[in-house]
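# below are the sequence and a predicted model for it; my questions follow.
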There are 2 protein chains.
Amino acid sequence: MEPRQVDGRKVDGRKARGEKKRRAIIEATLRVIERDGIAGVTHRSVAREAGVPTTAPTYYYATLDDLLIATLLWSAEVLCDDMLQIVASGGSAREIAKVIANAVDENRGRTLAEYELYLLAGRRPELKAAARRWLDLAVEAVRPADPVAFRAFLAAIDGLLIQGLIADVAPNEDELEPIVSFLIRGRDDFTAVPREE
Amino acid sequence: MEPRQVDGRKVDGRKARGEKKRRAIIEATLRVIERDGIAGVTHRSVAREAGVPTTAPTYYYATLDDLLIATLLWSAEVLCDDMLQIVASGGSAREIAKVIANAVDENRGRTLAEYELYLLAGRRPELKAAARRWLDLAVEAVRPADPVAFRAFLAAIDGLLIQGLIADVAPNEDELEPIVSFLIRGRDDFTAVPREE
DNA sequence: AAACTTATGGAACAATCGTTCAGGTAGTTG
DNA sequence: CAACTACCTGAACGATTGTTCCATAAGTTT
């Protein structure tokens, strides 16, 4: 059975293909950012990466800025997942340390891209909410009884990640684990308040 | 008495002027970064900001990249001062909170520039040492007995700053003070080891 | 199948970029 | 003051940029 709209018209296959290409362009843009940073994003570099004609990005996104913002808003969801994986995993200090170590080593490109988002949000107010979203989600997910200690923990996560990016050699989980352990000592404080249903 | 070289030759006034212009160009570049980010740095924009001819930046710095790196290395010293003011002030939590609040409000442009340095260092190894320098200096200045607690503190400083930059309204010192206070509780641990003379 | 709508892409444009270069200017030396 | 040197700059070039435009292809409806 073919997909149809409520009014009986067929779903326009042209639009469907368009949406796919739209996402392909955004994903290509993110890959470019991971590899070369925001500075490397041009219509042509994105088109080359996505394997589409030069004018395709322009066609789907009115301006290069729109493309960049769309990409970063989308990547913010990835950021959210990464960060919540760190914060709300409920795991041991070692598990958290492992996630951080991965973020600054294997996933280094993506982590760099995420902080490019942070920095751009500093200059583009419309990106602020997206960049900050994981912080809000973290608070909501954990519902810390001691918000002060939890905010300190969240700040330290950001600091460990960004400092890990500029280290000569990326820190491994063995180095990170004691620091994380120190940060979450008395973690019971975080989760003492159960979520109200 | 006019300045002379040891060999009796006069100091070349031409070179002296050149050095001044060199610094003027770097300072102009930093202002451009503070205002528009690294993306806004071009030979022409820098020249306009510095009030020098278009080709002057090219003349003094072989390539635009050299200019950028020279600027960021120089700004790293400012970063160092700022950070050490925070860390090694030996001040109260309130004083530290005040410095952070200033960095994300009044000095917002400069703080943004400093994190652009951080991020660029993530992609340019030759900048890493400069970006990391304040961390090394902080450790050396404080000589913490508990390096783990101190590194957590340093990471949290970075996190508070960068999160302050993407907040809807910049946090003030009243909000920051309890967090800082939490971070430096048991600060005696930091300074328990006196510097060996 | 004809009419119609939407998606698509190659050519081209103006603007801006980094950089080159030959000549001019200012300061120093003899 | 003439010769010399080092610093400096305006004009210009080739490359790349974002974006526009129109012809065409693809898909849908009548």
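Right, received. Where do you want to start?
# contacts, neighbours, all on C-alpha from now
Fine.
# distance of residue A:140 from DNA strand C?
Note on residue A:140: its distance to DNA strand C, by Cα to the nearest atom of the strand, to the nearest Å, is 38 Å.
# am I right that that residue falls within a helix?
Yes: counting by DSSP: H, G, I helix; E, B strand; the rest coil, residue A:140 falls inside a helix.
# confidence score at the residue nearest the centre of chain A?
Geometric centre of chain A, nearest residue: residue A:79, 1.8 Å, by Cα atoms, centre = their mean. Looking at residue A:79, its pLDDT stands at 84.
# contact partners for it?
A:114, A:134 (Cα atoms under 8 Å, 6 or more residues apart in numbering or on different chains).
# quick one: which helix or strand includes it?
helix A:64-87 (DSSP states H and E).
# buried residues in that helix?
A:67-76, A:78-80, A:82-87 (16 or more other Cα atoms under 10 Å in any protein chain shown).
# how close does the residue nearest to the centre of chain A sit to DNA strand C?
28 Å.
# nearest spatial neighbour of residue A:46, skipping sequence neighbours?
Excluding the flanking residues, the one nearest residue A:46 by Cα to Cα, 6 or more residues apart in numbering or on different chains is residue A:29, at 5.5 Å.
# how about residue A:43?
residue A:57 (6.0 Å).
# which SS class is that neighbour?
helix.
# likewise residue A:168?
Under three-state DSSP, residue A:168 comes out as coil.
# residues near the closest residue to it other than its chain neighbours, how many?
Of all residues not flanking residue A:168 in the chain, residue B:128 sits nearest, at 7.0 Å (Cα to Cα, 6+ apart). For residue B:128, the tally of surrounding residues (other Cα atoms under 10 Å in any protein chain shown) stands at 21.
# what does residue A:133 give?
Neighbours of residue A:133 using other Cα under 10 Å come to 14.
# hang on, it packs against residue A:78?
No: contact criterion Cα atoms under 8 Å: residue A:133 and residue A:78 do not qualify, at 11.1 Å.
# picking that back up, element containing the residue nearest to residue A:46, please.
Going by DSSP H and E, residue A:29 is in helix A:13-36.
# now that helix, how far from the chain's geometric center?
How far helix A:13-36 lies from its chain's middle: 17 Å, per Cα atoms, centre = their mean, to the nearest Å.
# ok, and what's touching that helix?
A:38-41, A:45-47, A:49-50, A:57, A:60, A:67-68, A:70-72, A:75, A:109-110, A:112-113.
# try it again with 7 Å
A:40-41, A:46, A:49-50, A:57, A:60, A:71, A:109-110, A:112-113 (Cα atoms under 7 Å, 6 or more residues apart in numbering or on different chains).
# how about stretch A:112-124?
Here stretch A:112-124 has contacts from A:33-34, A:37, A:72, A:79, A:127-128, A:131, B:165-166, using Cα under 7 Å, 6+ apart.
# would you point out the most distant pair within the residues you listed?
For the contacts of stretch A:112-124, the maximum inter-member distance is 22.1 Å, found between A:34 and B:165 (Cα to Cα).
# so which of those two has more stuff around it?
residue B:165 (25 against 20).
# which pLDDT value goes with the more buried one?
The model reports residue B:165 with a pLDDT of 97.
# and what about residue A:53, helix, strand or coil?
coil.
# need the contact list for it.
Residue A:53 touches residue A:47, counting by Cα under 7 Å, 6+ apart.
# again with residue A:178
Residue A:178 sits in contact with residue B:148, where contact means Cα under 7 Å, 6+ apart.
# looking at it, residue A:101 is touching residue A:171, isn't it?
Yes: in this structure, residue A:101 is within contact of residue A:171 by Cα atoms under 7 Å, at 6.3 Å.
# the more surrounded of those two?
The neighbour count for residue A:101 versus residue A:171, taken as other Cα under 10 Å, is higher for residue A:101 (24 against 20).
# now for residue A:160: which residues touch it?
Residue A:160 touches residue B:155, counting by Cα under 7 Å, 6+ apart.
# gap between it and DNA strand D?
32 Å.
# residue A:85 now?
In terms of Cα to the nearest atom of the strand, residue A:85 sits 34 Å off from DNA strand D.
# for residue A:150, what is the enclosing helix or strand?
Counting by DSSP H and E, residue A:150 is part of helix A:147-165.
# roughly how far out does that helix sit from the chain middle?
Per Cα atoms, centre = their mean, the centroid offset for helix A:147-165 relative to its chain is 16 Å.
# and stretch A:64-78, is it in reach of DNA strand D?
Yes: contact of stretch A:64-78 with DNA strand D (Cα under 7 Å from any atom of the strand) involves A:64-65.
# in the helix holding residue A:29, which residues are buried?
Quick answer for helix A:13-36 (16+ other Cα under 10 Å): A:21-35.
# near DNA strand C, from these?
residue A:21.
# give me every residue in chain A lying close to chain B.
A:39, A:118, A:121-122, A:128, A:132, A:148-149, A:152, A:155-156, A:158-160, A:165-167, A:178-179, A:182-183 (Cα under 7 Å from any Cα of the partner chain).
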